[in-house]
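Engineer: take this sequence and fold it.
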Amino acid sequence: MELWSYEDGSEDGFGPRVVMRSLCALLCLAGLAAIFPAPAAAQAVIADDRTIVDVGSVQVDNMSIRFLIAYRGDSALLAFSVTKSGGHEKFVPMFGSTYRGIPKIDLDVIVSKSKDQLWVQSSWPDSRILAYYRLGADTATTPFGTRGLLDTPFPEFLSGGPMEFPQIDPSSVWTLATFYYPGDR
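Structural biologist: Alright, predicted model coming up:
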């Protein structure tokens, strides 16, 4: 049985053709590796990863109010949206997180008996009232200040500070709904 059959007759060990073919194959693989590097999976960040999780919704006359968490990249935003019948959905941010998570929370949706005001209370001791909204208005008051309703649940930036919210008169309001979110951790 003949293992090597070279023109020069070398049958003992690797001949020059085998060495040259091996070197060419290695150089081709190295070139491909340089052109198509493997992604670093542990460090990959998806910049435009957007997800919305519904927490719950209520209806007050002709207005739908939806509570949600909007995840984008490495952040999360607790918000609610309002939609007048036949209108576009507008968003009100209430709490932002830079670690892509929202702690567990109970949200109480409180409405005035005249159905023209809405408060959102949380179970968090440091942020008892998260929002005040006069139903049908183009602004809302949140920890980010009094601001216009947003067209998207994914704003580029938010900032704010401690806010004074209108007081709740327990005799003139009722709790419309309570929603529980178990948290992301």
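Engineer: going by C-alpha atoms from here, please, whenever you check contacts or count neighbours.
Structural biologist: Will do.
Engineer: all strands for the protein, in order.
Structural biologist: Taking DSSP state E as the test, the strands found in the chain are 50-60, 63-72, 75-84, 90-97, 105-112, 117-122, 129-134, 139-142, 145-148, 173-181.
Engineer: of all the ones you listed, which lies closest to residue 161?
Structural biologist: Residue 161 sits nearest to strand 145-148 of all these, at 6.9 Å, using C-alpha to C-alpha.
Engineer: give me the contacts around the closest one.
Structural biologist: Applying C-alpha atoms under 8 Å, 6 or more residues apart in numbering, the set of residues contacting strand 145-148 from outside is 138, 139, 140, 141, 160, 161, 162, 163.
Engineer: list buried residues within the residues you listed.
Structural biologist: Those of the contacts of strand 145-148 that meet the buried threshold are 139, 140, 141, by 16 or more other C-alpha atoms under 10 Å.
Engineer: what separates the residue nearest the centre of the chain from residue 175, distance-wise?
Structural biologist: Nearest to the geometric centre of the chain sits residue 71, at 0.6 Å (C-alpha atoms, centre = their mean). Per C-alpha to C-alpha, to the nearest Å, residue 71 is found 28 Å from residue 175.
Engineer: same check, this time on residue 96
Structural biologist: Distance from residue 96 to residue 175, by C-alpha to C-alpha: 24 Å.
Engineer: those two: which has the busier surroundings?
Structural biologist: More neighbours surround residue 96 than the other of residue 96 and residue 175, with 22 against 15 (other C-alpha atoms under 10 Å).
Engineer: is the more buried one in contact with residue 72, as I believe?
Structural biologist: No: in this structure residue 96 lies outside contact range of residue 72 using C-alpha atoms under 8 Å: 11.1 Å.
Engineer: and stretch 160-177, how far out from the chain middle?
Structural biologist: With C-alpha atoms, centre = their mean, to the nearest Å as the basis, stretch 160-177 stands 27 Å off its chain's centre.
Engineer: next, the buried residues of it.
Structural biologist: Buried, per 16+ other C-alpha under 10 Å, within stretch 160-177: 165, 173.
Engineer: among the strands of the chain, which gets the worst mean confidence?
Structural biologist: Of all the strands of the chain, strand 145-148 carries the lowest average pLDDT, namely a mean of 92.
Engineer: give the buried residues for that strand.
Structural biologist: 145, 146.
Engineer: parallel or antiparallel, list what pairs with it.
Structural biologist: Taking DSSP bridges as the criterion, strand 145-148 sits next to strand 139-142 (antiparallel) in its sheet.
Engineer: quick one, what contacts the nearest residue to the residue nearest to the centre of the chain once chain neighbours are set aside?
Structural biologist: The spatially closest residue to residue 71, leaving aside those adjacent along the chain, is residue 51, at 5.0 Å (C-alpha to C-alpha, 6 or more residues apart in numbering). Residue 51 makes contacts with 70, 71, 72, as judged by C-alpha under 8 Å, 6+ apart.
Engineer: alright, that wraps it up for me.
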